[in-house]
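Engineer: Here's a sequence, model it:
(2 chains)
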There are 2 protein chains.
Amino acid sequence: MKLLNLFELSSANRKQLAQIPDLEIIDPEQVTPSLITKISAIYGWNQLGTEVLNQSTQLRFVQSNSAGVDYLPLKTFKQKGILLANVSGIHAEPISETVIAYVLAFVRGVLESEHAKQQSKWIGDQIRPTITTLHQKVAAIYGTGHIGQEIANKLKVFGVKTIGISRHGHPAANFDQVFTDHDAIKATEAADIIINIMPLTEQTHHFFDRSFFETLTNQPLFINVGRGPSVDTEALVSALQAGKLSGAGLDVYEQEPLATDSPLWGMANVIMTPHISGGFVEYGDAAFAILRENLKSILKNDRVARNQVDLSEGY
Amino acid sequence: MKLLNLFELSSANRKQLAQIPDLEIIDPEQVTPSLITKISAIYGWNQLGTEVLNQSTQLRFVQSNSAGVDYLPLKTFKQKGILLANVSGIHAEPISETVIAYVLAFVRGVLESEHAKQQSKWIGDQIRPTITTLHQKVAAIYGTGHIGQEIANKLKVFGVKTIGISRHGHPAANFDQVFTDHDAIKATEAADIIINIMPLTEQTHHFFDRSFFETLTNQPLFINVGRGPSVDTEALVSALQAGKLSGAGLDVYEQEPLATDSPLWGMANVIMTPHISGGFVEYGDAAFAILRENLKSILKNDRVARNQVDLSEGY
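Structural biologist: Numbering: from 1, shown residues only, chains lettered A, B, ... in the order given. Predicted coordinates:
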């Protein structure tokens, strides 16, 4: 099996792969027109992946290095019978921490204090009566998978009531209640915090649009750590300006990098991180562990051991 | 009993006090030279409190509206046999939230992203490989009372190992280990996060000084939500500049408000809030609940029901 490496492999990772019989690692600079037709597995993805997809007669398995796979040609994978796995699961810890970071920066006056610090201004008396705690607040979390459950787990230690929203509405760990998409708006209109961690599918594209924000009654915080295109950015900006939302914590955007003329940059009630909420120093090793297990399993019995993506569902 | 109100009492609070027999509320503007000699209880403290202390022959009880009471003339209270209570306990929730807010703003790249946002700069590729999570980090918490325990409780859900340091070194809830002051430096030199929530006493004044910071081996974050004078500010600034500390989260300062020419204002690796970490919208009601219980108890049997301060210990 020839594995094309389009992500990253440390020397320790390479040593471990060297112990798997019948496995050869190909790095991008080694690829030739004749070799490309023989590649049978890919780790990561970029333009070279598309070329392999078009030219290789032997491609059987792709291990993405992300949780969301909306950027991959899933229909072609399905037509060609290519197996796909993601690295879902390793993002729960870092993303849930980033969500808590956003929320607390708002409610504890840390963001406002940071702005005052830029001007060497002591705003204790102004800000003290306005700050609150998370105790007994209500969070509506769109997406009740691994990451949503871990966000809920952390929020619960702060005394937050957790409402989940998923397609099926099945009960999920750490959620006080779970509703279906269909009942979502009724269930979340009075929430204090709204968090998106849904995958991007046709159904979730621009899910958070003008009509969604219109329903909100309690000036919640809006957090997006899912996918940028699930949010209609213009509608979000309007909702922030009109006070339908008290603030937003954003890690993902419809266009990335965010355009330099986006109004979001200048909004004081927006915390932004540049699509890093899933990142952490040991990310490469955590993703590699899933790749390694899947390669062994594919070589042994042509099956994906962990995190196989349903190509029809898209996640 | 004549209660001088030097803090705040809502109209709902006043209605509740009106139901206690033999209790009269005096507001500052009502105080006359003859009335001042008859005041027997004080809620809160300011210069007028000092005048009552000097002139009243009947002062029996002071209910502070803070947890720390280092600003009160404790020796005089002791000489005159005045009972003192604080409002310790109500700060655990808000202060622990602020501590988590500081720590996550650093480790998840939220602070650095906020600085980049001011310049409309997308720093995803630079920052992603540098951020980490709290998982398996070590936090050394100086002070294992209510607030320290609640900080430890929250950190544990993030997978943090919690080391407590207290005068007696007794085990305390949510701490994996507790050491005495005497063993503190050895126990904490390799910590990732150092948090001060000790009361201010003669023993803790400038506890965090040049020699303390010198011992640190792991470039920890330093958090002060206790009292400003427990830290030698010059030594802190030097430790931040020299890289002995990777960052600091500060709510309290040796001088408050912080002087406009303090170098702390301009330091990018410092998060500052203006002595608000214990604040929250419902603070007045939470403090009042303790006052009310204590007034009833003093009137009934001349005893403090909750949060009596040991005037020799200072907390």
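Engineer: Every contact and neighbour count from this point should use C-alpha atoms.
Structural biologist: Will do.
Engineer: In chain A, which residue sits furthest out from the middle?
Structural biologist: Here chain A reaches farthest from its C-alpha mean at residue A:125, the gap being 38.2 Å by CA atoms, centre = their mean.
Engineer: Please, which helix or strand holds that one?
Structural biologist: helix A:124-127 (DSSP states H and E).
Engineer: Please put the alpha-carbon coordinates of the next helix or strand after that helix into CSV.
Structural biologist: Using DSSP H and E, the helix or strand that follows helix A:124-127 in sequence is strand A:138-142. Written as CSV, here are the backbone C-alpha positions of strand A:138-142 (Å, rounded to 0.1, in the frame of the first residue of the first chain):
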residue,chain,number,x,y,z
VAL,A,138,-29.2,28.4,29.7
ALA,A,139,-27.1,27.3,26.8
ALA,A,140,-28.5,25.9,23.6
ILE,A,141,-26.0,23.8,21.8
TYR,A,142,-26.6,22.9,18.1
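Engineer: Which elements pack onto strand A:138-142?
Structural biologist: helix A:146-157, strand A:161-166, strand A:193-196 (3 or more CA pairs under 8 Å, 6 or more residues apart in numbering or on different chains; DSSP states H and E).
Engineer: Please work out which residues outside the helix or strand bottoming out on mean pLDDT in chain A touch it.
Structural biologist: Lowest mean confidence among the helices and strands of chain A (mean pLDDT, DSSP states H and E): helix A:181-188, at a mean of 84. The contact list for helix A:181-188, computed with CA atoms under 8 Å, 6 or more residues apart in numbering or on different chains, reads A:140, A:163, A:165-169, A:179, A:194, A:212, A:215-216.
Engineer: Turn these into a markdown table, including neighbour count and pLDDT.
Structural biologist: Compiled in a markdown table, the contacts of helix A:181-188 are given as follows (neighbours: other CA atoms under 10 Å in any protein chain shown; pLDDT from 0 to 100):
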| residue | neighbour count | pLDDT |
| --- | --- | --- |
| A:140 | 29 | 97 |
| A:163 | 23 | 97 |
| A:165 | 29 | 96 |
| A:166 | 21 | 95 |
| A:167 | 16 | 91 |
| A:168 | 12 | 92 |
| A:169 | 18 | 94 |
| A:179 | 22 | 96 |
| A:194 | 22 | 98 |
| A:212 | 16 | 95 |
| A:215 | 14 | 95 |
| A:216 | 20 | 96 |
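Engineer: Closest one of those to chain B?
Structural biologist: Of all the contacts of helix A:181-188, chain B sits closest to residue A:194, with 18.4 Å by CA to the nearest CA.
Engineer: okay but the closest one is in contact with residue A:148, surely?
Structural biologist: No - the criterion here is CA atoms under 8 Å, and residue A:194 misses it with residue A:148 at 11.7 Å.
Engineer: Need the residues touching each of those two.
Structural biologist: Counting by CA under 8 Å, 6+ apart, the residues touching both residue A:194 and residue A:148 are A:141-142.
Engineer: List the residues that contact the spatially most central residue of chain A.
Structural biologist: In chain A, the centroid-proximal residue (CA atoms, centre = their mean) is residue A:226; its distance is 4.1 Å. By CA under 8 Å, 6+ apart, the residues touching residue A:226 are A:196-200, A:252.
Engineer: pLDDT weak spots in chain A?
Structural biologist: For chain A, no stretch is flagged by pLDDT under 70.
Engineer: which residues of the stretch 201-315 of chain A fall in helices?
Structural biologist: A:210-214, A:233-241, A:283-301 (DSSP state H, counting those that start in this stretch).
Engineer: Adding distance to residue B:304, write the ones you listed out as CSV.
Structural biologist: As requested, the helices of the stretch 201-315 of chain A are exported to CSV (distance: least, CA to CA, whole Å):
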stretch, distance to residue B:304
helix A:210-214, 51
helix A:233-241, 49
helix A:283-301, 55
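Engineer: Save these as a markdown table, and put in distance to chain B too.
Structural biologist: Converted to a markdown table, the helices of the stretch 201-315 of chain A look like this (distance: least, CA to the nearest CA, whole Å):
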| stretch | distance to chain B |
| --- | --- |
| helix A:210-214 | 24 |
| helix A:233-241 | 16 |
| helix A:283-301 | 9 |
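Engineer: which ones are touching the residue farthest from the centre of chain A?
Structural biologist: Listed by CA under 8 Å, 6+ apart, residue A:125 has no contact partners.
Engineer: sorry, back to before: winner for burial among the helices and strands packed on strand A:138-142?
Structural biologist: strand A:161-166 (a mean of 25; mean count of other CA atoms under 10 Å in any protein chain shown).
Engineer: what about residue A:34, which SS state?
Structural biologist: Three-state call for residue A:34 (DSSP: H, G, I helix; E, B strand; the rest coil): helix.
Engineer: neighbours around it, how many?
Structural biologist: 10 (other CA atoms under 10 Å in any protein chain shown).
Engineer: Equivalent analysis for residue A:35, please.
Structural biologist: Quick note: residue A:35 (other CA under 10 Å) scores 14 neighbours.
Engineer: what do you get for the one 3 residues further on?
Structural biologist: When neighbours are defined as other CA under 10 Å, residue A:38 has 17 of them.
Engineer: Quickly note the distance from it to residue A:295.
Structural biologist: 16 Å (CA to CA, to the nearest Å).
Engineer: returning to that earlier point: off-centre distance for the least confident helix or strand of chain A?
Structural biologist: 22 Å (CA atoms, centre = their mean, to the nearest Å).
Engineer: Any buried residues in that helix, and which?
Structural biologist: A:181, A:184-185, A:187-188 (16 or more other CA atoms under 10 Å in any protein chain shown).
Engineer: Over to stretch A:89-104?
Structural biologist: For stretch A:89-104, by 16+ other CA under 10 Å, it's A:89-104.
Engineer: Just checking stretch A:154-163 against chain B, any contact.
Structural biologist: Yes - counting by CA under 8 Å from any CA of the partner chain, contacts between stretch A:154-163 and chain B involve A:154, A:157-158.
Engineer: So what sits opposite the nearest residue to residue A:271 once chain neighbours are set aside in the bridge?
Structural biologist: Using CA to CA, 6 or more residues apart in numbering or on different chains and skipping the chain neighbours, the partner closest in space to residue A:271 is residue A:249 (4.7 Å). Beta-bridge partners recorded for residue A:249 (DSSP bridges): residue A:223, residue A:271.
Engineer: and the stretch 1-150 of chain A, which of its residues are near chain B?
Structural biologist: Counting by CA under 8 Å from any CA, the stretch 1-150 of chain A comes close to chain B at A:93-94, A:97-98, A:100-102, A:104-105, A:108-110, A:113-114, A:117-118, A:120-124, A:127-133, A:135.
Engineer: Can you give the domain ranges for chain A?
Structural biologist: Segmentation of chain A into domains, based on automatic domain parsing, reads A:2-89+A:281-301, A:92-272.
Engineer: so of those domains, which one's packed in deepest?
Structural biologist: Mean neighbour counts for the domains of chain A (mean count of other CA under 10 Å) peak at domain A:92-272, with a mean of 20.
Engineer: what about that one, how long is it end to end?
Structural biologist: Per CA to CA, the first residue of domain A:92-272 is 19 Å away from its last.
Engineer: ok so, going back, ok, so of the residues of stretch A:154-163 next to chain B, who is nearest residue A:173?
Structural biologist: residue A:154 (11.8 Å; CA to CA).
Engineer: tell me the contacts of the closest one?
Structural biologist: Residues in contact with residue A:154 (CA under 8 Å, 6+ apart) are A:96, A:100, B:157-158.
Engineer: same check, this time on residue A:40
Structural biologist: Per CA under 8 Å, 6+ apart, neighbours of residue A:40: A:1-4, A:56, A:58-61.
Engineer: what helix or strand does residue A:170 sit in?
Structural biologist: Applying DSSP H and E, one finds residue A:170 in no helix or strand.
Engineer: these two touch, right, it and residue A:164?
Structural biologist: No - counting by CA under 8 Å, residue A:170 stays clear of residue A:164, with 9.3 Å between them.
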